[in-house]
Every structure is written in structure tokens, then in C-alpha cells.
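>>> model the structure of this input:
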Amino acid sequence: MNEGTIKIRLMREEDFDAIVAIDEKILGKSRKEYYEAKFEKLFGSKDYVPASLVAEKDDGTVVGFVMGELYIGEYGIFQEEATLDTIGVDPDYQNMGIGRRLIDEFVDHLRDMGVKNIYTLVDWNASEMIRFFSSNKFSPSKTINLERTI
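Numbers count the residues shown, from 1 in each chain. Here you go, the predicted model:
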């Protein structure tokens, strides 16, 4: 597939079904409830600042997405920082540079909004994801993720 046939654009509410389907194709299970909560937060809030993107073919088929949000006051963090919390590329379109294009457009979009840092979390054992983010200029941060098992 020619890279020029994929367009990156802002995510819309009507992308919901395509995103859920891509995620299910990747993970082998549905996380519809997760995406319902994400979309409610992204599109149902009056404070929504568009940051999430999709990759679509010329025919309008969504083949990838990246989701994130700006921190506006949470945890004492201000608008200069954002998160990238979910990314997915349809397995039929992986290894074609779509994930890199999504990340690049996401970074450029957030930079234009004044963001200085983007954070994401990756499972320590997810070596493929760590390599992907590393190849896209992400590096370990100075923030430590703490957890308590109960």
C-alpha cells in the first residue's frame, strides 16, 4: 500500500465502531465498555480539547488510531503536558508506517497547542511496544509509576 493513500485526521464520534473493531482484532477480545467510557470523556465533556486522531484510507475506512488528552490541572500538571493512552493499527495494515505517522501527527498537533511533554505507560514485559515507542523518540521519564496491589 502506498503511504500516500492514508490520511490522518481528528477523531470523530462516528469512528467509535471502527476503533472498537480494530482494538478487538489486535487483542482478540472486545473492550467496547472501555471505549464507551473513553468516547464519553472525549466527546461528552464541554472541556474536550480535540487531540485524538485516526488514520483512514481514501475510501474512508479507518485503519488506525491514537488517543490521548491534555492534562488541565490534574495532579498539579498544566496544559504543557499530555498523555498518549491508546494506539492501534489494524493488523492488516501494520508495518507500513501508519503507527509512526499517527505518532508524528499526534506530536505535531499537540506541539501546536503548546504541549511540551507527552507521557504514555507501557507494560514492562511488552517489548514490542517498548521498541515501537523508543523508535518514535519516547524515552523513560523521571516520573515513577507507583502501584499497590490489594
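>>> sketch out the low-pLDDT regions of the protein for me.
1-4, 47-48, 71-79 (pLDDT under 70).
>>> most distant residue from the middle of it?
Taking CA atoms, centre = their mean, the residue of the chain most remote from its mean C-alpha position is residue 150, at 29.1 Å.
>>> from residue 121, how far off is that one?
Note on residue 150: its distance to residue 121, by CB to CB, to the nearest Å, is 19 Å. For glycine as for every other residue, the C-beta is placed from the backbone atoms N, C-alpha and C.
>>> with residue 70 instead?
According to CB to CB, residue 70 stands 17 Å off from residue 121.
>>> neighbour count for those two, which is higher?
The residue with more neighbours, out of residue 70 and residue 121, is residue 70; 23 against 11, by other CB atoms under 10 Å.
>>> quickly list what that one is bridged to.
Taking DSSP bridges as the rule, residue 70 bridges to residue 82.
>>> residue contacts, it?
49, 51, 79, 81-82, 110, 113, 115 (CB atoms under 8 Å, 6 or more residues apart in numbering).
>>> greatest separation within the residues you listed: which pair is it?
Across those, the longest distance by CB to CB is 12.7 Å; it joins 49 and 81.
>>> who has more neighbours, the two?
Shown here are residue 49 and residue 81; by other CB under 10 Å, residue 81 has more neighbours (17 against 13).
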